[in-house]
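Student: Take this sequence and fold it.
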Amino acid sequence: MFTSALNPNVVKTALDSVFKQNWEYEKQPGLATAETAAVFKQETADSSDVILEIFKGSSYWGQKAELADVQNSTPRVGNNKTFTVTEYADSIDISKNLFDDNKHGVYEKMVAEFAEMGRITRDKNAFAVYRNAFTTALTADGVALVSDSHTTLSGNTVDNKLTAALSVTSLNDAIVALGEQIGQNGAIRGAQPSVLLVPLKLFKRAKEITESSKMADTANNNMNIYSDTYMLTVYTSPFLGAAAGGSDTAWFLLGRNHSVTRWVRQGITTDMVDYKYQRNNNYIYKASFREVVGAIDYCGVVGSLGTA
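Tutor: The predicted structure is shown next:
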């Protein structure tokens, strides 16, 4: 008996439905991904290269005497840095027979894992900027994102690197360092802490420090200012720790003014080649995205190796 060929549009719609469910999954509270705006600023890339420059703007305003000229601050542009967009893509073969024989469960598992691995690839690559923050995640001044030797356009040296293990005391030190951090113009920025970013092995400890009703590690019943005043949000990721090539002890305090950014040139896109164009009667299901993650300077970031 002659049967008509499967409609390729119907097949792709079915595959896309499964793909979308597993790409846009429901995340547990506190689990950061490449799309977490507090950890990665979200921007659109207008071309294959994102070129940014360090900028020194106005500094402290001066006092003005009667009839005197108003102080003039001279903005200055410094070193630039280019972030080149990378394409990530993969494909899988899906037998036409799975559709002919109504084996929906088989192809759904194939597509679900395909989508999951694409999402994992996206997140693992995004968190490389934090995994490498003490070594190779270079900012425009030529040193690592977290370093004791940043040089500002005003000629100052900035140290945003700590070494202490995460504790009540070291978190307070990081908050002070962030608040007193100077910008490219040499002025204290007064950055407010927003995010405590930790590997999975420090997540429990971070939550205890920041969200206990009273101050952790003391019997004095003191108020916990980290939850009451600073309102820090704790985020973690499996792509920060040693298993992913990072560190199980390093942690980061981020201000709202940090520059760690994810630039998306092309969001996730799927395509399909019909089985009629393949000798093996398989559909080819493809997906790709294009993006880059980086940071132009140190502002709004304090990191600790967590080894001391």
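Student: buried set for the longest helix along the chain?
Tutor: Ordering each helix of the chain by length in residues (DSSP state H) puts helix 104-126 first. Within helix 104-126, the residues that count as buried by 16 or more other CB atoms under 10 Å are 107-108, 110-112, 114-115, 118-119, 122-126. (Each C-beta comes from the backbone N, C-alpha and C, glycine too.)
Student: Leaving out chain neighbours, which residue sits closest to the spatially most central residue of the chain?
Tutor: What sits nearest the mean C-alpha location of the chain, by CA atoms, centre = their mean, is residue 40, with 3.7 Å. When the adjacent residues along the chain are set aside, residue 40 lies closest to residue 262, with 4.1 Å between them (CB to CB, 6 or more residues apart in numbering).
Student: again with residue 116
Tutor: Spatially, and ignoring its direct neighbours in sequence, residue 116 is nearest to residue 22 (5.3 Å; CB to CB, 6+ apart).
Student: re the thing from before, now the helix or strand hosting the residue nearest to residue 40: mean pLDDT?
Tutor: Using DSSP states H and E, residue 262 falls within strand 261-273. Averaged across strand 261-273, the pLDDT comes to 97.
Student: Now do it against helix 104-126: the angle between them, please.
Tutor: Computed by axes from the mean of the first three to the mean of the last three CA atoms, to 10 degrees, the angle separating strand 261-273 from helix 104-126 equals 150 degrees.
Student: Can you identify the element that follows strand 261-273 toward the C-terminus?
Tutor: Along the chain past strand 261-273, the next helix or strand (assigned with DSSP H and E) turns out to be strand 282-294.
Student: Report the buried residues of that next one.
Tutor: For strand 282-294, a neighbour-count test (16+ other CB under 10 Å) marks 282, 283, 284, 285, 287, 288, 289, 290, 291, 292, 293, 294 as buried.
Student: Packing partners of it?
Tutor: Taking 3 or more CB pairs under 8 Å, 6 or more residues apart in numbering; DSSP states H and E as the contact definition, the neighbouring helices and strands of strand 282-294 are helix 8-23, strand 76-84, strand 86-95, helix 104-126, helix 128-131, strand 261-273.
Student: Now find how far off-centre the helix or strand following it is within its chain.
Tutor: If you walk from strand 282-294 toward the C-terminus, the next helix or strand you reach (DSSP H and E) is strand 301-304. Computed by CA atoms, centre = their mean, to the nearest Å, the chain-centroid distance of strand 301-304 equals 14 Å.
Student: now stretch 129-145
Tutor: So, by CA atoms, centre = their mean, the centroid of stretch 129-145 is 14 Å from its chain's centroid.
Student: Alpha carbons of it, as PDB, please.
Tutor: Below are the C-alpha coordinates for stretch 129-145, written out as PDB (Å, rounded to 0.1, in the frame of the first residue of the first chain):
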ATOM      1  CA  VAL A 129      35.200  34.100  32.800                       C
ATOM      2  CA  TYR A 130      34.900  33.300  36.500                       C
ATOM      3  CA  ARG A 131      36.800  30.100  36.400                       C
ATOM      4  CA  ASN A 132      39.700  31.900  34.900                       C
ATOM      5  CA  ALA A 133      39.200  35.200  36.800                       C
ATOM      6  CA  PHE A 134      42.500  34.900  38.600                       C
ATOM      7  CA  THR A 135      44.600  33.800  35.600                       C
ATOM      8  CA  THR A 136      43.600  34.300  32.000                       C
ATOM      9  CA  ALA A 137      40.300  36.200  32.000                       C
ATOM     10  CA  LEU A 138      42.000  39.400  30.900                       C
ATOM     11  CA  THR A 139      40.500  42.900  31.100                       C
ATOM     12  CA  ALA A 140      41.500  45.800  29.000                       C
ATOM     13  CA  ASP A 141      44.300  46.800  31.300                       C
ATOM     14  CA  GLY A 142      46.100  43.500  30.500                       C
ATOM     15  CA  VAL A 143      45.700  41.700  33.800                       C
ATOM     16  CA  ALA A 144      43.300  39.100  35.100                       C
ATOM     17  CA  LEU A 145      39.700  40.200  36.100                       C
END
